[in-house]
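>>> What follows is a predicted structure for the sequence shown.
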Amino acid sequence: MSEGLLRVVLDIGSTTLKIVVTEEDGQLLHSSYNRHYSDIRRTLVKAVLEAMGQFPGRLATMAVAGSGGIKTAELLGVLFVQEVVAGAEAVRRYLPRTNVAIELGGEDAKLTFFDAGIDQRG
């Protein structure tokens, strides 16, 4: 395993908190999906400690997305990425032949069309 900088990404939605840890090259090292039951802070601390506990001494960058992510990103002093932008970028990178993506969240559903640029509808 490389000793380079890790990337930690949190997606804090209306009902769940997801965390992914990757190497700089994108190799997945850890992921988890947690219901937060409206206690985002406790769930966040537990998820981050569990994830980073697997990589003692490793430095990491962090970004946060999701409907509950703006406040968390501000509190942590880390980058916030709007969830539709993050989702569209992931689809373009990993599934480049995709015409439409449907995201079902805890509060809403979004459709993103990729045929002529990006057209997002909620």
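All right, it came through fine. The structure displayed is predicted, hence computed values, not measured ones.

>>> for stretch 87-98, what is the average pLDDT?
Averaging pLDDT along stretch 87-98 gives 90.

>>> Let the chain start at 26 from now.
Right, with 26 as the first residue, what we last looked at is stretch 112-123.

>>> So what touches that stretch?
126, 128, 135, 137, 139, 143, 145 (Cβ atoms under 8 Å, 6 or more residues apart in numbering). For glycine as for every other residue, the C-beta is placed from the backbone atoms N, C-alpha and C.

>>> residues near the second one, how many?
The local packing of Glu128 (other Cβ atoms under 10 Å) involves 16 other residues.

>>> for the last one, same thing?
Other residues lying near Gln145 total 14 when counted by other Cβ under 10 Å.

>>> Give me the below-cutoff pLDDT ranges for the protein.
The model of the chain has pLDDT under 70 over residues 26-27, 144, 147.

>>> So which residues of it form strands?
31-37, 41-47, 53-60, 85-90, 104-105, 125-129, 134-138, 144-146 (DSSP state E).

>>> if we can go back for a sec, filter the contacts of stretch 112-123 down to the buried ones.
Neighbour-count burial (16 or more other Cβ atoms under 10 Å) applied to the contacts of stretch 112-123 gives 126, 128, 137, 139.

>>> hang on, the earlier thing: ok, which of the strands of the chain comes nearest Ala111?
strand 85-90 (4.6 Å; Cβ to Cβ).

>>> Tell me which other helices or strands that closest one touches.
For strand 85-90, the elements it packs on are strand 31-37, helix 94-101, strand 104-105, judged by 3 or more Cβ pairs under 8 Å, 6 or more residues apart in numbering; DSSP states H and E.

>>> The first one to strand 85-90, inter-axis angle?
In this structure, strand 31-37 runs at an angle of 20 degrees to strand 85-90, with axes from the mean of the first three to the mean of the last three Cα atoms, to 10 degrees as the basis.
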